[in-house]
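Peer 1: turn this into a model:
(one chain, ligands or ions: 2)
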Amino acid sequence: MPAQNTKTALITGASAGLGAAYAHRLADRGHDLILVARDTARMESLAAEVRERTGKAVEVLTADLTDDAQLAGVEERLREDASVQVLVNNAGGSLFTPLAGADATAFGDLITLNVTSLTRLTTAAVSGMTRRGSGTIVNISSALALNILPVSAVYSGTKSYVLTFTQALQQELAESAITVQAVLPGAVRTEFWDGSGIDLASFPDEWIMTADDAVDAALAGLDAGEPVTIPSLPDITDWEALEKARGVLVPNLSRSVPAARYRA
Ligand SMILES: NC(=O)C1=CN([C@@H]2O[C@H](COP(=O)(O)OP(=O)(O)OC[C@H]3O[C@@H](n4cnc5c(N)ncnc54)[C@H](OP(=O)(O)O)[C@@H]3O)[C@@H](O)[C@H]2O)C=CC1
Ligand SMILES: N[C@@H](C=O)C(=O)O
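Peer 2: Ligands and ions are numbered 1, 2, ... in the order given. Prediction:
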């Protein structure tokens, strides 16, 4: 039985998919909730269900996170509401298509949602949590931050950003009581895939996780103190080996002379 938390969790992209699963699980853990997305009716229905089932307070905060003024409203809440203990940066979109012939505006919107809004909300949350002395931030990246495909240039780029942004923030906050986790789910059966350019039905069932299982694994990783959680990865030492290999490069990434192979 996890410890009960009376503090509030703010979840973006909470009207569906992984965000809705986080809403159920965090309420089960005792958190009051603030649900953020665009579809008010859907969030009201989820809120009623969670209130009825758990007795927790659930507020619906409608916001399009690609709209500057609406995003600013959520930032304000994260900075000023002393009850907010957890931020789950989950809202995100997808677009899997080659760059050639693609709609650059759609890529811009994807970057605004997946990168800009997450950065601004995290910054606001860190400011509030630093003043309050503690907090938890969960940033939803993707396995496609690592598994880079010909059609995923922009999507993988946004999710690699979320991963490296989170890892840098972990260093910045290492001495604080603020926990920051990156979560890299593989394919999860949600509406994310509808109109994304990839038909989820083209994947074998063995590749696809349920949102509930992905969130349960992510929360288990958080409880275990994992900075990066990859719900489907059987052997964590595979991830650790990648990080170790990156560390090996670091002492030689900046030197006064080019490497010998580049000198005549
Ligand atoms: N499904 C998958 O296979 C994987 C998903 N992910 C990541 O998980 C996260 C959640 O995805 P998932 O649950 O699958 O996707 P869904 O499409 O099921 O849910 C996306 C959520 O984001 C909200 N949202 C979309 N656009 C905006 C916006 N402009 N402003 C505010 N909220 C918005 C949607 O609500 P509304 O329409 O009401 O605004 C919805 O609640 C994303 O970051 C995604 O990249 C990572 C790896 C795999
Ligand atoms: N992480 C998923 C998409 O974001 C995938 O691996 O397919």
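Peer 1: and this protein, which residues reach ligand 1?
Peer 2: Within the chain, the positions near ligand 1 by C-beta under 6 Å from any ligand atom are 13-19, 37-39, 42, 64-66, 90-93, 113, 140, 142, 185, 187-188, 190-192. Any C-beta I mention is one placed from the backbone N, CA and C, and that applies to glycine too.
Peer 1: among those, name the buried ones.
Peer 2: For those, a burial check counting by 16 or more other C-beta atoms under 10 Å picks out 13-19, 37-38, 42, 65-66, 90-93, 113, 140, 142, 185, 187-188, 190, 192.
Peer 1: re earlier: what subset of the residues of the chain next to ligand 1 is also close to ligand 2?
Peer 2: Ser142, Pro185, Ala187.
Peer 1: the buried ones among the residues of the chain next to ligand 1 in strands, which ones?
Peer 2: Ala37, Ile140 (DSSP state E).
Peer 1: go through the buried ones among the residues of the chain next to ligand 1 and flag which are in helices.
Peer 2: With helices taken from DSSP state H, the overlap with these comprises Gly17, Leu18, Gly19, Arg42.
Peer 1: just the residues you listed now: which is nearest Asp238?
Peer 2: Checking those against Asp238 with C-beta to C-beta, the nearest one is Leu18 at 22.9 Å.
Peer 1: identify the residues contacting that closest one.
Peer 2: By C-beta atoms under 8 Å, 6 or more residues apart in numbering, the contact list for Leu18 reads Asn90, Ile140, Pro185, Val188, Thr190, Ala211, Ala214, Val215.
Peer 1: where does it land on pLDDT?
Peer 2: pLDDT for Leu18: 98.
Peer 1: could you list the residues of the stretch 151-264 of the chain in contact with ligand 2?
Peer 2: With C-beta under 6 Å from any ligand atom as the criterion, the stretch 151-264 of the chain comes near ligand 2 at residues Pro185, Gly186, Ala187.
Peer 1: a markdown table for the residues you listed, including pLDDT?
Peer 2: A markdown table is the format used below for these (pLDDT from 0 to 100):
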| residue | pLDDT |
| --- | --- |
| Pro185 | 98 |
| Gly186 | 98 |
| Ala187 | 98 |
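Peer 1: show me the strands in this structure, by range?
Peer 2: Using DSSP E, the strands of the chain run over 8-12, 32-37, 58-62, 84-89, 135-140, 178-183, 228-229.
Peer 1: got those strands as JSON lines, with mean pLDDT columns?
Peer 2: JSON lines is the format used below for those (pLDDT from 0 to 100):
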{"stretch": "strand 8-12", "mean pLDDT": "98"}
{"stretch": "strand 32-37", "mean pLDDT": "98"}
{"stretch": "strand 58-62", "mean pLDDT": "98"}
{"stretch": "strand 84-89", "mean pLDDT": "98"}
{"stretch": "strand 135-140", "mean pLDDT": "98"}
{"stretch": "strand 178-183", "mean pLDDT": "98"}
{"stretch": "strand 228-229", "mean pLDDT": "98"}
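Peer 1: reformat those as a markdown table; add distance to Arg51.
Peer 2: Shown next, in a markdown table, are those (distance: least, C-beta to C-beta, whole Å):
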| stretch | distance to Arg51 |
| --- | --- |
| strand 8-12 | 14 |
| strand 32-37 | 9 |
| strand 58-62 | 5 |
| strand 84-89 | 18 |
| strand 135-140 | 22 |
| strand 178-183 | 26 |
| strand 228-229 | 28 |
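Peer 1: rebuild the contacts of Leu18 as JSON lines, extending it with distance to Leu222.
Peer 2: Below are the contacts of Leu18 laid out as JSON lines (distance: C-beta to C-beta, whole Å):
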{"residue": "Asn90", "distance to Leu222": "13"}
{"residue": "Ile140", "distance to Leu222": "12"}
{"residue": "Pro185", "distance to Leu222": "14"}
{"residue": "Val188", "distance to Leu222": "17"}
{"residue": "Thr190", "distance to Leu222": "20"}
{"residue": "Ala211", "distance to Leu222": "16"}
{"residue": "Ala214", "distance to Leu222": "13"}
{"residue": "Val215", "distance to Leu222": "10"}
